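*Asks:* coords please:
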Amino acid sequence: MVETTINPADYRETSYAGILSFLRFAYSRDLSKADVAILGVPYDLGTTNRPGARSGPRAIREQSSLVGEYEWGVWPWDYHLSERHTVVDYGDVCDFTAYPERMTEELERMATEIISQDTALFSLGGDHFISLPLLRAHVKKHGPLALIHFDAHTDTWVDEDYNHGTMFYHAIQEGLIDVAHSIQVGIRTPNPDEFGLQILDAVTMDQMSNAEIVAAIRERVQGRKAYLSFDIDFLDPAFAPGTGTPVCGGASVLQGREILRGLKGLEIIGGDLVEVAPAYDPIGSVTALAGATLSCDILYLISETLTDA
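*Replies:* Numbering: from 1, shown residues only. Presented below is the predicted three-dimensional model:
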């Protein structure tokens, strides 16, 4: 049997046709030459409000064909990711339907396996609870990490239950997060500052320029390995209605992108983008499109880290 690999550099397909992989990267579980792997986590049993984020990875992949349709890369980045690194779409974590404990164990196992092969990992959610097993896997290799967290919610609610509002509380209790060098951006819900995380809430952000926001993040994180977690509800519902817990007063897609690109040069070793629930998009898959675009920016940041290493 002859094996054929389809890569973005081989030829260009129209945005509405072709394989459903992220940015047209090859589906592969061969990590022998992979610098970065993209992993989907279609899980939403940790949601406390509207379900549907299990459909996020597929929707983001579909919309990525629009974001990555140009052979020179994703504007305004000036190169294609494949020019510098081998990126593969690793597919999804599966076989856990209706079993949260099984998902947690399997995601941590699979993420650990990928990271242990010196392949950087970027994950597509799913609800935000997935960050906990992902952090556990990353910390095994890198030690406690600075957290750069974009969200409307702090997700540090003190509760022994495991859901998408408690996972960073548990991560702090487990010593996964270097709280003294971590920051949460865009918060616009009650934010008990009990753990030493720096919080830039939405009102504070509104009084700052993008450059000032970037400077605050860089000052907090500089010199530490960082994990970047981006909840799509960081964006205002005008730009991302398709999510389980929308909160008014958030950022635009352009502001989110400008802040992310300003983080170029920080040592971002992995990350995730979560909470895209496409069933709540009124028309045009706008939330999934925003998620795919921001996912590209985070991938570029990981790529820059690999290049600088």
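
*Asks:* name the nearest residue to residue 300, ignoring sequence neighbours.
*Replies:* Spatial nearest neighbour of residue 300, excluding adjacent residues (CB to CB, 6 or more residues apart in numbering): residue 77 at 5.3 Å. Bear in mind the C-beta positions are built from the backbone N, C-alpha and C, glycine included.

*Asks:* which pLDDT value goes with the one you found?
*Replies:* Note on residue 77: pLDDT of 94.

*Asks:* next: residue 24.
*Replies:* So residue 24 comes in at 90 (pLDDT).

*Asks:* roughly how far does it sit from residue 74?
*Replies:* Residue 24 is 12 Å from residue 74, where distance means CB to CB, to the nearest Å.

*Asks:* re earlier: quick check, the residue nearest to residue 300 in a helix?
*Replies:* No: secondary structure of residue 77 (DSSP: H, G, I helix; E, B strand; the rest coil): coil, not part of a helix.

*Asks:* how many other residues sit next to it?
*Replies:* Other residues within reach of residue 77, judged by other CB atoms under 10 Å, total 17.

*Asks:* returning to that earlier point: now the common contact residues for residue 24 and residue 74.
*Replies:* Listed contacts common to residue 24 and residue 74 are residue 68; contacts here mean CB atoms under 8 Å, 6 or more residues apart in numbering.

*Asks:* quick one, longest helix in the chain?
*Replies:* Using DSSP state H, we find that the single longest helix of the chain is helix 286-308.

*Asks:* what helices and strands are in contact with that one?
*Replies:* Counting contacts by 3 or more CB pairs under 8 Å, 6 or more residues apart in numbering; DSSP states H and E, helix 286-308 packs against strand 36-41, helix 56-67, helix 81-84, strand 120-125, strand 226-231, helix 253-261, strand 268-274.

*Asks:* for that helix, buried residues please.
*Replies:* For helix 286-308, a neighbour-count test (16 or more other CB atoms under 10 Å) marks 286-306 as buried.

*Asks:* the closest residue to residue 92 other than its chain neighbours - how many residues pack around it?
*Replies:* With CB to CB, 6+ apart as the criterion, residue 92 has its nearest non-adjacent residue at 3.9 Å, and that residue is residue 40. Look at residue 40: counted by other CB under 10 Å, it has 23 neighbours.

*Asks:* all set, thanks.
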